[in-house]
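Peer 1: Sequence and computational prediction follow.
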Amino acid sequence: MYIRATGNISPQKTFGNAPFPGEVVAYEGNRLTCITPDYKELIDPKLIRRMSRVIKMGVASAMACLKEAGVTPPDAIITGTAYGCLEDTGIFLSKMIERGEELLTPTSFIQSTHNTIGAQVALLLHCHEYNNTFVNGGSSFECSLLDAQMLLQEGEAKNVLVGGIDEITDISHGILSRFGLYKQGSVSNLDLYNTPSKGTIAGEGSAFFLLTNEASENALAKLDAITTFYKPGSFGEVEQQISSFLSAQNISVDDIDLIITGKNGDAKNDEVYQYLGKTLFNKNTAINYKHLCGEYPTSSAFALWYAAHIIKTNMIPGKAQVAPLKKVLIYNHYQNTYHSLMLLSAC
């Protein structure tokens, strides 16, 4: 699959024509929040008032992606989200308690479903084609990519819009904090990997991609392969999965010019990355991305955007680059349960 265009709203200045790589936005605390763009440029102001924050993020990034590609409408819309529209879910549940389960307005409930974002994009585009939403925890975005791959390979579509979206709200942040997922006290995202301890920083984002099976000069990168695996029993098993994945593409780890890992600053979470850095990846250049967007189930969508722009610009943030980048591997896991691999190459 070829990545023809992207649209990304994140805690960094990634939306619109922002330069890449740009200056990293610094945050203090254990929560990163998306930078809000001017939605009126892409969405009718009358509609914006009825949209929750995550719906606006999803619709705007999807529209920006299509605008960049010059495609309207796509042949399919596929979204991946683990949490759905948390803000509307929280509003509905809070009102249910406050009003004793009586006289509830249905709007928040209707807009709390996971497929709301994909449906809103389709409604605005008058797109009556294939529309699907995957809700599969930390592999929701990867499942969306695999679905797009099948549509393209079977000739069911030529241009597929794929997105990964998740938000963090005050309510969800409070609940997840009780499970010890986030660091306590003040922490800087710029210093995330230098202070390994329990917990990480919460994040959110919405990244959309227009994928096609036809090569073009304007394509950012080629997505060669995707795979997922669930709850590996050991670090050795992870290493074997990565080796098998690369072998299936007739390449070895020596052919990889850059590895993007899902390190998130949590001591337990990062053990597998440190193990691979001493074994399989000991000769490879590796960088991280979660200090930019935080940790959330579909953060791999940000990683894919990051990798595509690194390949297109042939620039690795924070690294001196000499040789052309031909192959980039993304390895990420969410809570050591959902593991994924994505291989990209230059067009």
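Peer 2: Ah, there it is.
Peer 1: C-alpha from now on. contacts and neighbour counts both.
Peer 2: OK.
Peer 1: tell me which helix or strand of the protein sits lowest on mean pLDDT?
Peer 2: The helix or strand of the chain with the poorest confidence is helix 107-110; it has a mean of 77 (mean pLDDT, DSSP states H and E).
Peer 1: After that one, which helix or strand is next? Please name it.
Peer 2: Sequence-wise, the next helix or strand downstream of helix 107-110 (DSSP states H and E) is helix 116-125.
Peer 1: neighbouring contacts of that following helix?
Peer 2: For helix 116-125, the external contacting residues (Cα atoms under 8 Å, 6 or more residues apart in numbering) are 55, 58-59, 62-63, 72-73, 77-79, 84-85, 128, 131-133.
Peer 1: again, only this time at 10 Å
Peer 2: By Cα atoms under 10 Å, 6 or more residues apart in numbering, the surrounding residues in contact with helix 116-125 are 43-44, 47, 51, 54-60, 62-63, 72-74, 76-81, 84-85, 110-111, 126-133, 161-163, 165.
Peer 1: Following the chain onward from it, which element is next?
Peer 2: Once helix 116-125 ends, the next helix or strand along the chain (criterion: DSSP H and E) is strand 130-134.
Peer 1: Parallel or antiparallel, which strands does that next one pair with?
Peer 2: strand 76-80 (parallel) (DSSP bridges).
Peer 1: The strand it pairs with to helix 116-125, inter-axis angle?
Peer 2: Relative orientation of strand 76-80 versus helix 116-125 (axes from the mean of the first three to the mean of the last three Cα atoms, to 10 degrees): 160 degrees.
Peer 1: So which bits of strand 76-80 are buried?
Peer 2: 76-80 (16 or more other Cα atoms under 10 Å).
Peer 1: I'd like these laid out as a markdown table, including pLDDT and distance to Ser300.
Peer 2: As requested, the buried residues of strand 76-80 are exported to a markdown table (pLDDT from 0 to 100; distance: Cα to Cα, whole Å):
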| residue | pLDDT | distance to Ser300 |
| --- | --- | --- |
| Ala76 | 96 | 21 |
| Ile77 | 97 | 18 |
| Ile78 | 97 | 15 |
| Thr79 | 97 | 13 |
| Gly80 | 97 | 11 |
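Peer 1: In terms of distance to Tyr334, which of these ranks first?
Peer 2: If you rank the buried residues of strand 76-80 by distance to Tyr334 using Cα to Cα, Gly80 comes first, at 14.6 Å.
Peer 1: residues making contact with stretch 173-190?
Peer 2: Under the contact criterion Cα under 10 Å, 6+ apart, stretch 173-190 has outside partners 24-32, 167-169, 171, 192, 195-203, 264-266, 290-295, 335.
Peer 1: Try it again at 8 Å.
Peer 2: Judged by Cα under 8 Å, 6+ apart, the contacts made with stretch 173-190 from elsewhere in the structure are 26-30, 197-202, 291-292.
Peer 1: out of the contacts of helix 116-125, which are buried?
Peer 2: If you count burial by 16+ other Cα under 10 Å, the buried members of the contacts of helix 116-125 come out as 51, 54-60, 62-63, 73-74, 76-81, 84-85, 111, 127, 131-133, 161-163, 165.
Peer 1: Helix or strand next in line after the longest strand seen in the chain, which one?
Peer 2: When every strand of the chain is counted residue by residue (DSSP state E), the longest turns out to be strand 221-230. Following the chain from strand 221-230 toward its C-terminal end, the next helix or strand by DSSP H and E is helix 235-248.
Peer 1: Tell me the buried residues in stretch 258-269?
Peer 2: By 16+ other Cα under 10 Å, the buried positions in stretch 258-269 come out as 258-267, 269.
Peer 1: and it, how far from the chain's centre?
Peer 2: Here stretch 258-269 shows a centroid-to-chain-centroid distance of 15 Å under the convention Cα atoms, centre = their mean, to the nearest Å.
Peer 1: And for stretch 190-204?
Peer 2: 18 Å.
Peer 1: what about that stretch, start to end distance?
Peer 2: With Cα to Cα, to the nearest Å as the measure, stretch 190-204 spans 17 Å from end to end.
Peer 1: Quick one: mean pLDDT for it?
Peer 2: Within the predicted structure, the mean pLDDT of stretch 190-204 is 92.
Peer 1: What of stretch 320-327?
Peer 2: When pLDDT is averaged over stretch 320-327, the result is 83.
Peer 1: quick one: contacts of that stretch?
Peer 2: For stretch 320-327, the surrounding residues in contact (Cα under 8 Å, 6+ apart) are 255-258, 311, 314-315, 343-346.
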